[in-house]
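Chemist: Whatever this is, show me its structure:
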Amino acid sequence: MANNIHKPIFHITGEKGWINDPNGVVKFKNQYHVFYQYHPYSCEWGPMHWGHVVSDDLKTFKYLPNALTPGDEFDKDGCFSGSSLVKDGVLYVAYTGFINNENPEDVRQIQCLASSKDGIHFKKHGAIITGDDLPSDYKKCDFRDPKLIFKDGFYYIFAVTRKVSGGGSIVLFKSKYLKKWEFVNDVLTHNSEGKMLECIDYHEDLNLILYSEQDFPSESEHCLNIHSCEYEIGKLDDKYKFIPNCEKTLLDYGFDFYAAQIMDEDHILFAWMNMWGRNNPSSKYGFAGMLTVPRKVEVVDNMLLQTPIIYGELKEKAPVKDKYSTCMSVGVIKLEVKDLKSLDVKLRKGDDEETRFYLKDDTFYFDRSKSGEKITGDEKDEYSLNGMRKMPYLKKDKTTIYFVLDKYSVEIFVNGITMSNVIYPKENSDIFELNISSNESNITIYK
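Modeler: Got it, this is the predicted structure:
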């Protein structure tokens, strides 16, 4: 879908300007629709629109006109994140209208509704839930990102907000006809440890709730991003409390992953492959931000596992003994390994550049310190300053690893656990170099 030589080949970006969160990912009239937070007028965050692309196969995407543009009384300063629901042949989108004010406490974030019969042209229906509908112990200025579902004859909206006493929460509202809404409950059994939650997503059939957490305190060397995306596995009880089966878990261990959203119909996940507080070397090419490759997700043994939707055609399949090398800057490399003992991979390697991924002491390490143009962020810990991230290795007899490479990114999947990272190497840094020790290894190349 790239429209100039500098853009990613198969990752979603805006036609120009800034993008962040995926919104309202949905299958409608046999096509996949992906919306995203979009500022078309600069490569910096600005008044949010809903950008829009569509695909027949999740591999190639076509730009459509913006689905939502700010400017009405209820969304005059932005159309923030939200979700989609198909009901009776109509595509509904719930989103947050943003009204800015000089005093932060006077900012208003209002839940709004729009609809479309063709998936292209959207009619706004205005505000449906405002801060006045929240109990008094929640802040009206932090109230956003509605997740709209339909269950047992009622519509429900999950939204994120913040307690007056501090800490993010997820609240639930209920309606019979999408017009009059009543507050039901605070869904989580705990408040967030960070400043605020964002981008709630809920899937009853997966027993899954996920969200992004702002200013989340680091718990370990595996959780170093200031803002992280997490999930919990469990169920809503009869009082609409989400009862988890296990501890909350990071959804991705890389530098650049936020605001994940899963399509209800086919359980396809997209996330923003960037992070707040990062510089954007791509701005000189007229765009900033991209979405992850689409990923098929499933829940197995209380873990959310992800598999990439593969871009490209099968080019090579061969056994590997100890070493393997090829030229690869865009495409997918799949490794299938029995009894993995050691692994050291160098990606996008050139004369003075390389991105490294290696296994040491049952932990995977990702190193982008020599990956090209320097990427900086708000994190000040030693690992972040040295361009490092870590991911636990859950040992299995058989290990499947995917390396998904595009011009400015590498997404790594190890038995469904992921690391997503942006890199900016030179175009001629294109060597893939593998050193591996195992009982058996096979490599498959897609380009």
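
Chemist: Contacts only, for residue 159.
Modeler: 111, 129, 143-147, 170-171, 173, 200 (CB atoms under 8 Å, 6 or more residues apart in numbering). Every C-beta, even on glycine, is put in place using the N, C-alpha and C of the backbone.

Chemist: got those residues as a markdown table, with secondary structure and distance to residue 324 columns?
Modeler: Listed next are those as a markdown table, based on DSSP: H, G, I helix; E, B strand; the rest coil; distance: CB to CB, whole Å:
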| residue | secondary structure | distance to residue 324 |
| --- | --- | --- |
| 111 | strand | 52 |
| 129 | strand | 55 |
| 143 | strand | 52 |
| 144 | strand | 47 |
| 145 | strand | 43 |
| 146 | strand | 47 |
| 147 | strand | 43 |
| 170 | strand | 46 |
| 171 | strand | 51 |
| 173 | strand | 54 |
| 200 | strand | 42 |
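
Chemist: I'd like these as a markdown table, with neighbour count appended.
Modeler: Below are those laid out as a markdown table (neighbours: other CB atoms under 10 Å):
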| residue | neighbour count |
| --- | --- |
| 111 | 26 |
| 129 | 24 |
| 143 | 24 |
| 144 | 24 |
| 145 | 29 |
| 146 | 25 |
| 147 | 25 |
| 170 | 22 |
| 171 | 23 |
| 173 | 21 |
| 200 | 26 |
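
Chemist: Nearest to residue 260 among these?
Modeler: Using CB to CB, residue 200 is the member of these that sits closest to residue 260, with 10.7 Å.

Chemist: Spit out the contact partners of the closest one.
Modeler: Per CB under 8 Å, 6+ apart, neighbours of residue 200: 145, 147, 158-160, 170, 209-211.

Chemist: farthest pair in these?
Modeler: 159 and 210 (14.4 Å).

Chemist: Listing partners with orientation, what would you give for the strand or helix carrying residue 235?
Modeler: Per DSSP states H and E: residue 235 is located in strand 228-236. Strand pairing for strand 228-236, using DSSP bridges, gives strand 208-214 (antiparallel), strand 242-244 (antiparallel), strand 249-250 (antiparallel).

Chemist: how about those strands in TSV, adding mean pLDDT?
Modeler: What follows is the strands paired with strand 228-236, written out as TSV (pLDDT from 0 to 100):
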stretch	mean pLDDT
strand 208-214	96
strand 242-244	96
strand 249-250	94
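
Chemist: Grab the nearest non-local neighbour of the residue nearest the centre of the chain.
Modeler: The residue lying closest to the centre of the chain (CA atoms, centre = their mean) is residue 271, at 1.6 Å. Nearest residue to residue 271 in three dimensions, chain neighbours excluded: residue 260, at 4.0 Å (CB to CB, 6 or more residues apart in numbering).

Chemist: need the contact list for that neighbour.
Modeler: 22, 199, 201, 210, 212, 229, 251-252, 269-271.

Chemist: For it, give its distance to residue 252.
Modeler: 8 Å (CB to CB, to the nearest Å).

Chemist: and residue 205, how many neighbours?
Modeler: For residue 205, the neighbour count with other CB atoms under 10 Å is 8.

Chemist: State the distance from the closest residue to residue 12 other than its chain neighbours to residue 34.
Modeler: Excluding the flanking residues, the one nearest residue 12 by CB to CB, 6+ apart is residue 291, at 4.2 Å. Counting by CB to CB, the separation of residue 291 from residue 34 is 7 Å.

Chemist: Which pLDDT value belongs to the nearest residue to residue 279 once chain neighbours are set aside?
Modeler: In this structure, residue 279 finds its nearest non-sequential neighbour in residue 376, 5.4 Å apart by CB to CB, 6+ apart. In the predicted model, residue 376 carries a pLDDT score of 93.

Chemist: so where's this protein uncertain?
Modeler: Applying pLDDT under 70 to the chain flags residues 1-3, 217-219.

Chemist: So this structure: which segments form each domain?
Modeler: Following automatic domain parsing, one gets these domains for the chain: 17-308, 314-446.

Chemist: where exactly do the strands run in the stretch 101-250 of the chain?
Modeler: Secondary structure of the stretch 101-250 of the chain by DSSP state E, counting those that start in this stretch: the strands cover 108-116, 123-129, 138-151, 154-163, 168-175, 182-186, 196-203, 208-214, 228-236, 242-244, 249-250.

Chemist: Residues contacting the last one, please?
Modeler: When contacts are taken as CB under 8 Å, 6+ apart, the neighbours of strand 249-250 outside the stretch itself are 222-223, 228-232, 303-304.

Chemist: Just list whatever residues bridge to residue 306.
Modeler: So, taking DSSP bridges as the rule, residue 306 has residue 297 as bridge partners.

Chemist: name the helices or strands packed onto the host helix or strand of residue 403?
Modeler: Assigned by DSSP H and E, residue 403 falls within strand 398-406. Contacting strand 398-406 under the criterion 3 or more CB pairs under 8 Å, 6 or more residues apart in numbering; DSSP states H and E are the following elements: strand 303-308, strand 331-338, strand 342-349, strand 409-414.

Chemist: Dump these to CSV, plus distance to residue 428 and mean neighbour count.
Modeler: Below are the helices and strands packed on strand 398-406 laid out as CSV (distance: least, CB to CB, whole Å; neighbours: other CB atoms under 10 Å):
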stretch, distance to residue 428, mean neighbour count
strand 303-308, 25, 19
strand 331-338, 16, 20
strand 342-349, 10, 21
strand 409-414, 17, 24
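
Chemist: Is the residue lying closest to residue 389 once chain neighbours are set aside in a helix, a strand, or coil?
Modeler: By the measure of CB to CB, 6+ apart, the closest residue to residue 389 outside its immediate chain neighbours is residue 366, 4.6 Å from it. The three-state assignment at residue 366 reads strand, by DSSP: H, G, I helix; E, B strand; the rest coil.

Chemist: and residue 366, what does it touch?
Modeler: Residues near residue 366 by CB under 8 Å, 6+ apart: 254, 355-357, 388-391, 412, 419, 421.

Chemist: Just the ones of the residues you listed in strands?
Modeler: 355-357, 388-391, 412, 419, 421 (DSSP state E).

Chemist: rewinding a little: can you pull out the residues in contact with the strand holding residue 403?
Modeler: By CB under 8 Å, 6+ apart, the residues outside strand 398-406 that reach it are 8-11, 293, 307-308, 311, 328-338, 340, 343, 345, 347-348, 357, 410-415, 432.

Chemist: Just the closest of the ones in strands among the contacts of residue 366 to residue 75, please.
Modeler: Minimum distance to residue 75 across these is 33.4 Å, recorded for residue 421 (CB to CB).

Chemist: Report the separation between residue 208 and residue 282.
Modeler: Per CB to CB, residue 208 is found 32 Å from residue 282.

Chemist: Residue 356 now?
Modeler: For residue 356, the distance to residue 282 equals 22 Å [CB to CB].
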